[in-house]
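Engineer: Prediction below, plus the sequence it came from.
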Amino acid sequence: MNTLIPDSLGQLLELLAENIPGTELLAGGTDFNVQCRKGVLNPNRVLCIGHLDELKGIRLDGEHLRLGALTTFAEVVANELLQGHVPDFCRALAHFASPPVRNLATLGGNIANASPTADSVPPLLVRLASLELRSVRGVRQLPLNEFFTGYKRTAMAQDELITAVLLPVNAEDGLHSYWRKVGTRRALTIAKLSLAGMGRIENGQLSECRLAAGALNEYPRRLTAVEQHALTTPLAAITRESLNEALRRDITPIDDLRSDADYRFETCLNLLQTCLRDWSDHA
Amino acid sequence: MSNYILKQFSQQPAMIDISFTLNGETTTITTDPLRRLLDILRDDLGLTGTKEGCGEGECGACTVLLDGKPVTSCIVNAVAVHGHDVTTIEGVSASPDGRLLIDCLYEAEAVQCGFCFPGIVMSALAYMRAGGIADNERIRAALAGNLCRCTGYEFIVKGVAEACRRWRDL
């Protein structure tokens, strides 16, 4: 195994452009180290990127908040610019993992790892986040919604990496938000499921509604059928039965060691009802 | 980090020089860039106060301070330490707030078997240094990454709260 420590982002991109199979990026290391020790991950070549300043920093960039891919969860939680523009997002990430892990784990790593349970992804999806992907071929923006293509699979080319996460600066303006993660304990737990939402209520009906679930499908994704149902039905007419019918079109929960499909489905329904009730109560 | 140059290794084990501050002293070692900080501390440098529990960043027994922030050293690689500042349990009593914290935990009878305790002390010290106050809920949140299977946490929280109270009164 080769371990390489590139001097700059430019050098890193050149190394990625060699398209060597089995290349892994090491940033915060919270997942990399565990997977390597378990033998799940057997990289042929490791590129260390945790020291690259080009991938750090949080700043306002036109219409977007630009979060460098190496931004840690602790930095999101504590950042004043983000607290000012997207306070609920900062609060949501305060429940990720534990304090020591939040000081290491990076936003870019959580997304690129493409786990179904990635905690940062549902809150980012409902805030219409996009990713800045870079390679020697150039830079492109991709909506986060189009990034995941399957279990642990992404639309990122082998020579690309995530350089930043872009959040619309007005992502939370005038909107209700919701975030709930269900697990066996509060800290350090991997989600049985999680639900994030952003919505606006006008005259007893949702005029905007974005919902995204984690740990329910092979990757975190928007609940488009539920969203459509909620947008076209007066809040008073939305029932558990009608949500149930819509949710069945969105998700096919899995049985695994953390929970079973029935529990996940019923609990997701509970969270959806709680979310809509919270929003109505504060409308 | 500008002193890094591209390094490529063709044979095992690949070694690089890592320099960092350890409990206030500059330390340089030659090691595999992916070696765990936990192993560097315990096996290479003989600082066995830091314990290995789960080895997956879940239990917090191996918590040390990296640039003043608590991190689980079992999932930190050597490469991430170069040019940074590390404080372990061995360096705690050298500082007045660390000494006070240890005294308060002792007085509160917060320790039983002691295996989780170096990590708990490091997380609690980071909390104190971040201006932490004697608030049970906040202390529990700060210690959420440190599992203790003996004590039920009550006396630990009590000890940390007392340390916060006394430190602010100093």
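Structural biologist: Ah, there it is.

Engineer: average model confidence for the strand or helix carrying A:Cys268?
Structural biologist: Per DSSP states H and E, A:Cys268 falls inside helix A:261-281. Mean per-residue pLDDT for helix A:261-281: 93.

Engineer: what does stretch A:229-240 give?
Structural biologist: Mean predicted lDDT for stretch A:229-240 stands at 96.

Engineer: and if you look at stretch B:81-93?
Structural biologist: Mean predicted lDDT for stretch B:81-93 stands at 97.

Engineer: now the end-to-end length of that stretch.
Structural biologist: Start-to-end span of stretch B:81-93 (C-alpha to C-alpha, to the nearest Å) is 22 Å.

Engineer: circling back: buried ones in the helix holding A:Cys268, by neighbour count?
Structural biologist: A:Arg264, A:Phe265, A:Thr267, A:Cys268, A:Leu269, A:Leu271, A:Leu272, A:Cys275, A:Leu276, A:Asp278, A:Trp279, A:Ser280 (16 or more other C-beta atoms under 10 Å in any protein chain shown). Quick note: C-beta positions are derived from backbone N, CA and C, even for glycine.

Engineer: Pull the contacting residues for the residue of chain B found nearest chain A.
Structural biologist: Closest contact between chain B and chain A, by C-beta to the nearest C-beta, is at B:Gly145 (2.8 Å). Neighbour list for B:Gly145: A:Ala97, A:Ser98, A:Pro99, A:Pro100, A:Val101, A:Ala187, A:Leu188, B:Gly60, B:Thr63, B:Pro70, B:Thr72, B:Ser123 [criterion: C-beta atoms under 8 Å, 6 or more residues apart in numbering or on different chains].

Engineer: Repeat that for A:Gln35.
Structural biologist: For A:Gln35, counting by C-beta under 8 Å, 6+ apart, the contacting residues are A:Leu41.

Engineer: Looks to me like it is in a helix.
Structural biologist: Yes: judged by DSSP: H, G, I helix; E, B strand; the rest coil, A:Gln35 forms part of a helix.

Engineer: Distance-wise, check A:Glu218 relative to A:Thr224.
Structural biologist: Distance of A:Glu218 to A:Thr224, computed by C-beta to C-beta, to the nearest Å: 16 Å.

Engineer: do the same with A:Asp278
Structural biologist: Distance from A:Asp278 to A:Thr224, by C-beta to C-beta: 21 Å.

Engineer: Equivalent analysis for B:Gly132, please.
Structural biologist: Distance, B:Gly132 to A:Thr224, by C-beta to C-beta: 43 Å.

Engineer: What is the neighbour count of the residue nearest to A:Arg137 when sequence neighbours are not counted?
Structural biologist: Once flanking residues are discounted, A:Arg137 sits nearest to A:Asp159: 7.2 Å by C-beta to C-beta, 6 or more residues apart in numbering or on different chains. A:Asp159 has 17 neighbours, counted by other C-beta atoms under 10 Å in any protein chain shown.

Engineer: May I have the secondary structure class of A:Asp159?
Structural biologist: coil.

Engineer: check contacts around it.
Structural biologist: Here A:Asp159 is in contact with A:Leu13, A:Leu16, A:Ala17, A:Asn19, A:Ser135, A:Val136, A:Arg137 (C-beta under 8 Å, 6+ apart).

Engineer: Apply 10 Å and report the result again.
Structural biologist: Applying C-beta atoms under 10 Å, 6 or more residues apart in numbering or on different chains, we find A:Asp159 in contact with A:Leu13, A:Glu14, A:Leu15, A:Leu16, A:Ala17, A:Glu18, A:Asn19, A:Thr23, A:Arg134, A:Ser135, A:Val136, A:Arg137.

Engineer: now those residues in JSON lines, with pLDDT?
Structural biologist: Below are the contacts of A:Asp159 laid out as JSON lines (pLDDT from 0 to 100):
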{"residue": "A:Leu13", "pLDDT": "98"}
{"residue": "A:Glu14", "pLDDT": "97"}
{"residue": "A:Leu15", "pLDDT": "96"}
{"residue": "A:Leu16", "pLDDT": "97"}
{"residue": "A:Ala17", "pLDDT": "97"}
{"residue": "A:Glu18", "pLDDT": "96"}
{"residue": "A:Asn19", "pLDDT": "95"}
{"residue": "A:Thr23", "pLDDT": "96"}
{"residue": "A:Arg134", "pLDDT": "98"}
{"residue": "A:Ser135", "pLDDT": "98"}
{"residue": "A:Val136", "pLDDT": "98"}
{"residue": "A:Arg137", "pLDDT": "98"}
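
Engineer: quick check, the longest helix seen in chain B touching chain A?
Structural biologist: Ranked by number of residues, the top helix in chain B under DSSP state H is helix B:154-169. No: applying C-beta under 10 Å from any C-beta of the partner chain, one finds helix B:154-169 out of contact with chain A, separated by at least 13.5 Å.
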